[in-house]
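Visitor: sharing a model that was predicted from the sequence below.
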Amino acid sequence: METSTDSAVEPGAPSTDSTPAGTPGFTRRALLGTAGAGLVIGAGAGAATALAVERRDRRAPAGADHQAGTAPGLGPARVAFHGEHQAGILDPQQARVQLAAFDLAGGVGRDGVRALLQRWSRTVARLAVGEPADEFENQIALDAGPCSLAVTFGFGAGLFEKTGLTEQRPAGLEPLPAFPADALDPARGDGDLFVQIGADDALVAVHALRVLQRQAAGTAALRWQMSGFGRTPGATATPMTGRNLMGQVDGTNNPRPDEEGFAAKVFVAAGGGQPAWLAGGSFLVFRRIRMLLDSWEALPVDRQERVIGRRKADGAPLGTPADAGERAPVDLNARLADGSLAVPADAHIRVAAPAANGGAAMLRRGFSYHDGLLGDGSPDAGLLFLAFQADPRTGFTPVQRKLSRGDGLSRFLRHEASGLYAVPPGAPQGGYVGQTLFD
Ligand SMILES: C=CC1=C(C)c2cc3[nH]c(cc4nc(cc5[nH]c(cc1n2)c(C)c5CCC(=O)O)C(CCC(=O)O)=C4C)c(C)c3C=C
Ligand SMILES: [Fe+2]
C-alpha cells in the first residue's frame with residue numbers, strides 16, 4: 001500500500017508532457033494545474049489504515065486541501081494501477097461505476113487477447129494518473145483529474161475455451177448453480193472479458209469505458225454494459241458506509257483488510273488448488289439484483305429493519321443500545337424482553353452470516369442502479385452486486401443457496417443477470433494485467 005500527499009506520479013508513469021495521438025495540444029494534467037497533487041492509493045494488501053486515512057483526506061473541506069497546497073476536490077485523487085492486486089478491490093468505493101463485458105471475436109487467439117490486454121493496461125495506467133488516453137482520446141474527461149479512477153479486469157470462462165487455455169481455467173470458474181427464483185437474462189451476464197471502471201466522476205468513468213471499447217474493436221465486442229453509483233465522498237458530515245436504494249447502510253460487516261485471514265477470504269493463494277497464474281488474484285461474482293421498491297417502501301421502517309436485522313438510521317444490529325453504532329458486534333443470540341430473537345430467524349444478516357454458512361465470506365463492493373421504469377411502471381432499480389472472493393464455491397454459492405431459500409429480503413428482490421470472472425493479480429510496473437496467464 002502506497003499513499004502520498006505530495007507530487008505523486010507512479011514510477012514509470014508516462015511523461016506529463018506527452019501529447020496523445022488525436023489530441024493535439026491537450027494534456028489533462030496541464031489543465032489540472034496542480035498535476036500530480038493527489039493521493040496515490042496502492043492496491044497492495046494490509047491496506048486498512050491507509051484506506052481510512054485516504055477516505056478522510058478525500059472528504060476534507062476544500063480549504064484544508066488548499067492549505068496542503070493541493071487542488072481542492074476529488075479530482076487529483078489517484079488509485080495506483082500497478083500493484084500486487086488490481087485496483088478496484090481494496091480502494092474505497094468510488095461514487096460511479098461502469099461495468100461492461102466483452103465477447104471475443106471469432107478467430108481471435110491468444111496473441112490477439114494478449115495484445116488487447118497490453119493495450120488496455122498501457123492506457124489505464126495513463127488514465128489513472130490523469131494523462132489522456134494514448135489512442136482514441138475523445139476529450140470526454142479532458143478537464144478532470146483521475147478522480148480515483150480504478151479499472152479492474154476479469155476473465156470469463158469463455159475466454160479460456162476460445163484461446164485454447166482450458167488447462168489454465170481455474171476450477172473456481174465452474175458455472176454458478178441455478179438458484180430458486182433466478183430470472184437471469186443471459187444477454188446481460190457472463191462474457192469473455194469483464195471490466196469494472198470506478199471513478200468519483202461520471203465523465204471520467206465513461207471516458208475510460210469509451211476508450212477501452214474502441215481499443216477492443218475487431219478483437220472483442222461489447223456484450224453488455226451497466227452504470228452504477230454510490231455515495232459521493234463528502235456527501236455526509238462524517239464518513240460512513242454508504243446506503244443502498246432500500247435506504248439501508250450496506251457493507252458494514254465486510255471483511256476488513258486489517259483483520260486476521262482477510263487475504264485468505266478475498267485473494268487466491270499460491271498453491272491453493274487454483275492455477276499458479278491466478279495467485280494474488282480473486283474471483284468476482286456479479287449479480288444484477290432488482291429491488292421491488294414499491295413493495296419495500298410500503299413496509300413500515302420497523303418491519304424493514306427486521307428484514308435485514310439492523311437499524312435503518314445508524315446501521316447498528318437490532319438489540320444493541322441506541323448509541324451502539326454501525327460497527328457494534330452482531331449478537332445473533334440476543335433476545336428482546338418478550339424472549340423473541342432481536343435479529344429474526346429469517347433476517348438477512350443472520351442467514352448470510354459466515355457462521356451460518358460454514359465460514360463462507362466475501363468482500364461485497366456493490367453499486368446502486370436506477371435505469372428508469374419498467375413496463376408496469378415500477379422502477380428498474382436495484383443493486384449491481386459485486387463480491388470478490390478466494391473461491392466462489394466456498395464463498396458466494398453456499399450463501400446465495402441459503403439466502404434463496406430462507407432470507408426475508410429475497411421476497412423484495414429479483415436476480416436478473418449474473419456473471420463470474422477470474423480476476424488476475426495486479427500488473428507489475430511496465431507489465432500488463434493477465435501477463436501471468438498470457439506470457
Ligand atoms: C450471496 C450473497 C449476498 C447477496 C446476493 C446479498 C444481497 C443483498 N444484500 C443487501 C443488503 C445488505 N446485506 C447485508 C449484509 C450481508 N449480505 C451478505 C451477502 C449477500 N447479500 C453478507 C455476507 C452480509 C454480511 C452478513 C454478516 O455477517 O453480518 C446488510 C447489512 C450490512 C452489512 O453488513 O453490509 C445489508 C443492508 C441487499 C439490498 C441485497 C440485494 C439487493
Ligand atoms: Fe446482503
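Guide: Noted; the coordinates are in hand. Ligands and ions are numbered 1, 2, ... in the order given.
Visitor: what is the neighbour count of Gly382?
Guide: Counted by other Cβ atoms under 10 Å, the residues lying close to Gly382 total 27. C-beta coordinates here come from the backbone N, C-alpha and C atoms, glycine included.
Visitor: what does the one 10 residues further on give?
Guide: Residue neighbour count, defined by other Cβ under 10 Å, stands at 24 for Pro392.
Visitor: mind listing what it touches?
Guide: Contacts for Pro392 (Cβ atoms under 8 Å, 6 or more residues apart in numbering) come out as Gly172, Leu176, Phe283, Val285, Leu420.
Visitor: without its sequence neighbours, what residue ends up closest to Arg243?
Guide: Leaving aside its sequence neighbours, Arg243 sits nearest to Val249 (Cβ to Cβ, 6 or more residues apart in numbering; 5.8 Å).
Visitor: phi first, then psi, for the one you found.
Guide: Dihedral angles of Val249 (phi, psi; degrees, to the nearest 10) stand at phi -70, psi 120.
Visitor: does Val211 count as helix, strand or coil?
Guide: Assigned with DSSP: H, G, I helix; E, B strand; the rest coil, Val211 falls in the helix class.
Visitor: what's the pLDDT at it?
Guide: For Val211, the model assigns a pLDDT of 98.
Visitor: same check, this time on Ala43
Guide: pLDDT, read off for Ala43, is 44.
Visitor: alongside ligand 1, which residues does this structure contribute?
Guide: Remark: the part of the chain in contact with ligand 1 comprises 244, 246, 248, 250-253, 287, 289, 291, 308, 310, 330, 348-349, 352-354, 382-383, 385, 396, 399-400, 403, 413, using Cβ under 6 Å from any ligand atom.
Visitor: need the buried ones from those selected in ChimeraX.
Guide: Those of the residues of the chain next to ligand 1 that count as buried under 16 or more other Cβ atoms under 10 Å are selected in ChimeraX with:
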select :244,246,248,250,251,252,253,287,289,291,308,310,330,348,349,352,353,354,382,383,385,396,399,400,403,413
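Visitor: cross the residues of the chain next to ligand 1 against helices and list the overlap.
Guide: Those of these mapping onto helices are Ile308, His348, Ile349, Ala352, Phe396, Val399, Gln400, Leu403, per DSSP state H.
Visitor: what ranges does this protein have for its strands?
Guide: 40-41, 78-79, 96-104, 150-155, 193-199, 220-229, 282-291, 363-364, 367-373, 379-389, 413-423 (DSSP state E).
Visitor: closest to Gln86 out of those strands?
Guide: strand 150-155 (4.9 Å; Cβ to Cβ).
Visitor: quick check: angle from that closest one to strand 193-199?
Guide: 170 degrees (axes from the mean of the first three to the mean of the last three Cα atoms, to 10 degrees).
Visitor: now strand 150-155: mean pLDDT?
Guide: 99.
Visitor: tell me the contacts of the residue in the stretch 101-250 of the chain positioned nearest to ligand 1?
Guide: At 3.6 Å from ligand 1, Gln248 is the closest residue in the stretch 101-250 of the chain, using Cβ to the nearest ligand atom. Residues near Gln248 by Cβ under 8 Å, 6+ apart: Gln304, Ile308, Arg310, Lys312, Gly315.
Visitor: could you measure from Leu149 over to Val211?
Guide: 11 Å (Cβ to Cβ, to the nearest Å).
Visitor: grab the most central residue of the protein for me.
Guide: Closest to where the C-alpha atoms of the chain average out (Cα atoms, centre = their mean) is Arg365, at 4.8 Å.
Visitor: what's around the nearest residue to that residue once chain neighbours are set aside, how many residues?
Guide: Nearest residue to Arg365 in three dimensions, chain neighbours excluded: Leu386, at 4.9 Å (Cβ to Cβ, 6+ apart). Using other Cβ under 10 Å, Leu386 has 24 neighbouring residues.
Visitor: wait, Leu386 touches Gln196, no?
Guide: Yes - counting by Cβ atoms under 8 Å, Gln196 is a contact partner of Leu386 at 6.9 Å.
Visitor: which residues are common contacts for the two?
Guide: Leu99, Leu284.
Visitor: mind listing the helices for the stretch 101-250 of the chain?
Guide: Here the stretch 101-250 of the chain has its helices, by DSSP state H, counting those that start in this stretch, at 110-127, 157-162, 202-216.
Visitor: which among those is found nearest to Gly430?
Guide: helix 110-127 (9.1 Å).
Visitor: no more questions from me, cheers.
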